[in-house]
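Enquirer: kindly generate the corresponding structure for this input.
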Amino acid sequence: MKLKKAALFISCLFFPLLVKAGTDAVNLPTTKLANLKSKSAIGISLTSNLVDTGLTLENGDVWVWGFRNTGLQGNGICHASSGFSRPARVEFFADRDLNVTQLAAGLYHIIALDEKGNVWGWGQNGYHEASGNGNAAGYQCWPFLTLKKKNVVMISAGLYSSYALTKSGDVYTWGHGVYGQMGNGKRKVVNDVYKIPRQYFNNRPVVSIGGGYESGYAINNAGEVFGWGDDEDNAFGFYNPAAHVYRTTPKKITNLPPDVNGKKIVHITGGDRFTAFLTSSGDVYGMGAGNYLGLNMGPQIKVTTPMLIIRNIKMLSCRYVGCVAIDKKNGLWTWGATEGSAFRQLYGRTPTKRNYYGNLTKIDIGKEHIIYWNDKGKAYGVGYGSGHKFSQQTNENVNWPGKELKFVVDAMKGVYGNKHIPGQGQ
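Expert: The predicted model follows:
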């Protein structure tokens, strides 16, 4: 039986990786595993592109609920009756006594990093985005060992693509590459995992990565920042008269603010048509599609120079058409598109402070939804309700401050016992 683990939920995406002088070894700072029992410590456990599915990391285990009809439960059943089923743990890892430390997800696939530095993938696999194996089936219904013995320290995902960074500073990609997301110089789906040659990062080890909607990002140990994939609406900061420019190999992003370089960027991310990054001083900048940046701009505006969005931020998560941020006093802010789907509930045209229940301990981000957890062990959902993510009875969208997800908490207590308090990193 697995023992309870402490403090697994602060994602390393929000802490710069360190490179030892004179070596290529990448080290995670020890502060990454801060104790989440402190009310000042909040973990963004997951940033994903999942649209119909709830997903979280709890006690080193992967939990899934809502839509699971593409093998997303990871239990060998490819086509399940999804939303009406109880939330469930992915027993594959529990049965093998494997602790999962990071999760990332595309629209219908999930990748997981275990404590040994191995990467697993499952779910929809039509572009090999889950398995990275061209011989695998269209649905990967059990977790597949995609990267073994590579000592991976960070993972991320786009819509149909996956990314991994090793301790030695190498970047691996797999999945859909029609827009250049693989960084391999081609616009096509790759059959197997691809290692981006270090020459594209100026022959230096990479220390941090990020995933956009159809793009990837990397920062090397010299503080140089790179992007590849769909550079739509000037998302990489270069003026393009065409709507789309497909960067099939990593391109250096050169127009950062005067006092900012990659060594000061603690997290870089993006969505559909924009890039955003968080600096060590707590400033968030963005460029690309103006109506996604929280700057009260219309959709016709394309921003080529990174613009300051908000200050005093300690955690940032972006995907699709908007962003979520936690400030240094644990205030929760959102901004992005406000037209269509559940965007009006989720976002604001400018950074908007949101009310929530209790003291935040963990947040899980999906394509058009947010699930947050508090120190009482309660979970709440906001945004797009499709797939029965927020209720086993309805698919209704939910506005702030959210709908309590008691059915998720009850399922966890059924596995860990009634004394277990979910969402605390223990």
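
Enquirer: give me the contacts around the helix ranked longest in the chain.
Expert: Taking DSSP state H as the criterion, the chain has its longest helix at helix 406-416. Contact with helix 406-416 is made by 4, 54, 56, 58-59, 63, 65, 86-89, 377-379, 391-392, 420, 422, as judged by Cβ atoms under 8 Å, 6 or more residues apart in numbering. Glycine gets a C-beta too; all of them are placed from N, C-alpha and C.

Enquirer: all strands of the stretch 301-426 of the chain, in order?
Expert: For the stretch 301-426 of the chain, the strands defined by DSSP state E, counting those that start in this stretch occupy 302-310, 313-319, 322-327, 332-336, 352-354, 360-365, 369-374, 379-383, 398-404.

Enquirer: using JSON lines, please lay out the ones you listed together with distance to D192.
Expert: JSON lines is the format used below for those (distance: least, Cβ to Cβ, whole Å):
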{"stretch": "strand 302-310", "distance to D192": "35"}
{"stretch": "strand 313-319", "distance to D192": "26"}
{"stretch": "strand 322-327", "distance to D192": "33"}
{"stretch": "strand 332-336", "distance to D192": "35"}
{"stretch": "strand 352-354", "distance to D192": "42"}
{"stretch": "strand 360-365", "distance to D192": "29"}
{"stretch": "strand 369-374", "distance to D192": "32"}
{"stretch": "strand 379-383", "distance to D192": "35"}
{"stretch": "strand 398-404", "distance to D192": "40"}
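
Enquirer: closest to G229 out of these?
Expert: Minimum separation from G229 across the strands of the stretch 301-426 of the chain (Cβ to Cβ) falls at strand 313-319, 14.1 Å.

Enquirer: could you say which helix or strand holds the most centrally placed residue in the chain?
Expert: In the chain, the centroid-proximal residue (Cα atoms, centre = their mean) is T47; its distance is 2.6 Å. Using DSSP states H and E, the element containing T47 is strand 43-47.

Enquirer: which SSE is immediately downstream of that strand?
Expert: Following strand 43-47 in sequence, per DSSP H and E, is strand 53-58.

Enquirer: adjacent strands (with direction) for that next one?
Expert: With DSSP bridges as the test, strand 53-58 is paired with strand 61-66 (antiparallel).

Enquirer: so after the strand it pairs with, what's the next helix or strand?
Expert: strand 88-89.

Enquirer: give me the sheet partners of that next one and which way each runs.
Expert: Applying DSSP bridges, one finds strand 88-89 paired with strand 61-66 (antiparallel).

Enquirer: quick check: angle from the partner strand to strand 379-383?
Expert: 50 degrees (axes from the mean of the first three to the mean of the last three Cα atoms, to 10 degrees).

Enquirer: quick one: low-confidence parts of the chain?
Expert: By pLDDT under 70, the low-scoring segments of the chain are 1-45, 81-84, 425-426.

Enquirer: rewinding a little: quick check: the residue nearest to the centre of the chain touching I363?
Expert: No: T47 is beyond contact range of I363, at 9.2 Å (criterion: Cβ atoms under 8 Å).

Enquirer: what is in contact with these two at once?
Expert: Counting by Cβ under 8 Å, 6+ apart, the residues touching both T47 and I363 are S317.

Enquirer: give me the phi and psi for E91.
Expert: Here is the backbone geometry of E91 (degrees, to the nearest 10): phi -70, psi -20.

Enquirer: quick one: contacts for it?
Expert: E91 neighbours (Cβ under 8 Å, 6+ apart): N75.

Enquirer: what strand or helix carries W120?
Expert: Assigned by DSSP H and E, W120 falls in strand 119-124.

Enquirer: who touches that strand?
Expert: So strand 119-124 is contacted by 70-72, 74, 93, 105-114, 129-132, 138-147, 150, 152, 155, 160, 162, 164 (Cβ under 8 Å, 6+ apart).

Enquirer: now swap in stretch 65-79 and tell me
Expert: Here stretch 65-79 has contacts from 52-54, 62, 64, 80, 82-83, 85-88, 90-92, 108-110, 122-125, 139-143, 386-389, 407-408, 411, using Cβ under 8 Å, 6+ apart.

Enquirer: same thing but at 7 Å, please
Expert: 52-54, 64, 80, 82-83, 87-88, 90-92, 108, 110, 122-124, 139-143, 387-389, 408 (Cβ atoms under 7 Å, 6 or more residues apart in numbering).

Enquirer: PyMOL command to pick out the buried ones of these?
Expert: This is the PyMOL syntax for the buried subset of those, where burial follows 16 or more other Cβ atoms under 10 Å:
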select buried, resi 52+53+54+64+80+82+83+87+88+90+92+108+110+122+123+124+139+140+141+143+387+388+389+408
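
Enquirer: sorry, back to before: so the residue nearest to the centre of the chain touches Y320, yeah?
Expert: No: counting by Cβ atoms under 7 Å, T47 does not reach Y320; the two are 10.6 Å apart.

Enquirer: can you list the buried residues in stretch 274-284?
Expert: Result for stretch 274-284 [16+ other Cβ under 10 Å]: buried residues F274, T275, A276, F277, L278, T279, G282, D283, V284.

Enquirer: between all of those, which two are separated the most?
Expert: F274 and G282 (19.8 Å).

Enquirer: filter the contacts of strand 119-124 down to the ones in helices?
Expert: F93.

Enquirer: just the buried ones from the contacts of strand 119-124?
Expert: The neighbour-count test (16+ other Cβ under 10 Å) applied to those identifies 70-72, 74, 93, 105-114, 129-132, 139-141, 143-144, 146-147, 150, 152, 155, 160, 162, 164 as buried.

Enquirer: each with direction, which strands does the strand holding W120 pair with?
Expert: Strand 119-124 has its sheet partners listed here by DSSP bridges as strand 109-114 (antiparallel), strand 139-147 (antiparallel).

Enquirer: just put the ones you listed in a markdown table and tack on distance to R354.
Expert: Output for these, formatted as a markdown table (distance: least, Cβ to Cβ, whole Å):
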| stretch | distance to R354 |
| --- | --- |
| strand 109-114 | 27 |
| strand 139-147 | 34 |
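
Enquirer: out of the ones you listed, which is closest to W400?
Expert: Ranked by Cβ to Cβ, the member of the strands paired with strand 119-124 that lies closest to W400 is strand 109-114, at 26.6 Å.

Enquirer: pull the distance from the closest one to the chain's centre.
Expert: 11 Å (Cα atoms, centre = their mean, to the nearest Å).

Enquirer: repeat that for stretch 169-184.
Expert: With Cα atoms, centre = their mean, you get 16 Å for stretch 169-184.
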